[in-house]
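[1] Build me a model:
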Amino acid sequence: MKIVVIGGTGLIGSKVVAQLTAQGHEAVAASPASGVDTLTGDGLAEALAGAAVVLDVSNSPSFDEDAVMNFFTTSTRNLLAAEKDAGVGHHVALSVVGTSRLTDSGYFRAKIAQEQLIEDAGIPYSIVHATQFFEFVKSIADAATVGDTVRLAPVRIEPMAAEDVATAVARATVGRPLNGIVEVAGPEQFQLDELIRLGLRARNDARTVIADPDATYFGARLSENELVPGKFATHYDTRFEEWLALEPVR
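    Predicted structure coming up:
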């Protein structure tokens, strides 16, 4: 089965391409580097020819509010239109647990808009909502740092390894369309400040992490449960301590 992976050279995309290829599928990594640009539409028709499924794991190169909204709405419209022309039977997209609750954030408002376009397109679809990746511990810390202090809300989070995210997305891609959302998460629950503190300590980062209920998360104010999935989420096995022992922290 031919599966086109938009963002197929990135962190999740490259792992999904490897998994799908190992399963015997024709997994095509599509990105601007390969001549496929979803923002302009360049290369989409050629890449999608003969594809049964399109998986979109691309992300905006900028978190600026206007830029991120333009990226997700323009690229998704172009992609869905090309899928209709090519007769693609299943659109799969990776999104974030809690997206619909984090409307203070321009990034998450853009993800909401992306999901609405997918739901309204008339193409069978599956949306995978994943919790935060272990690989982004440093990025979260950097976004919340002022001077040598990291301020994070003491809210619950169930982070997961990127490899497990890729597994979840690959399963959705080869399965029947859900025409809905599935949630996936890691096996452990942390407080957000605790998770970042552990991650920074593992890389000998001397910044001080403070639990601050007023701290925002990429522009959004958080209540205790906004970053955790519902009771029907699928939980994957990789624990943070195991990941730290095997992977370089980014």
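[2] if I look at Gly7, how far off is Asn204?
    Gly7 sits 32 Å away from Asn204, going by Cβ to Cβ, to the nearest Å. Bear in mind the C-beta positions are built from the backbone N, C-alpha and C, glycine included.
[3] neighbour count winner among these two?
    Gly7 (23 against 6; other Cβ atoms under 10 Å).
[4] what's the spacing between the more buried one and Val16?
    For Gly7, the distance to Val16 - Cβ to Cβ - is 9 Å.
[5] How about Gly175?
    Distance from Gly175 to Val16, by Cβ to Cβ: 14 Å.
[6] The two: which has the busier surroundings?
    Using other Cβ under 10 Å as the criterion, Gly175 and Val16 rank with Val16 on top: 30 against 13.
[7] Quick check: phi and psi at the closest residue to that one other than its chain neighbours.
    Leaving out its chain neighbours, the residue that sits closest to Val16 by Cβ to Cβ, 6 or more residues apart in numbering is Ala166, at 4.7 Å. In terms of degrees, to the nearest 10, the main-chain angles of Ala166 are phi -60, psi -40.
[8] what's the pLDDT at Ala166?
    For Ala166, the pLDDT comes out at 98.
[9] Relative to the whole chain's centre, how far out is the helix or strand bottoming out on mean pLDDT in the chain?
    Lowest on mean pLDDT, DSSP states H and E among the helices and strands of the chain sits strand 220-221, with a mean of 88. On the basis of Cα atoms, centre = their mean, to the nearest Å, strand 220-221 sits 18 Å off its chain's mean C-alpha point.
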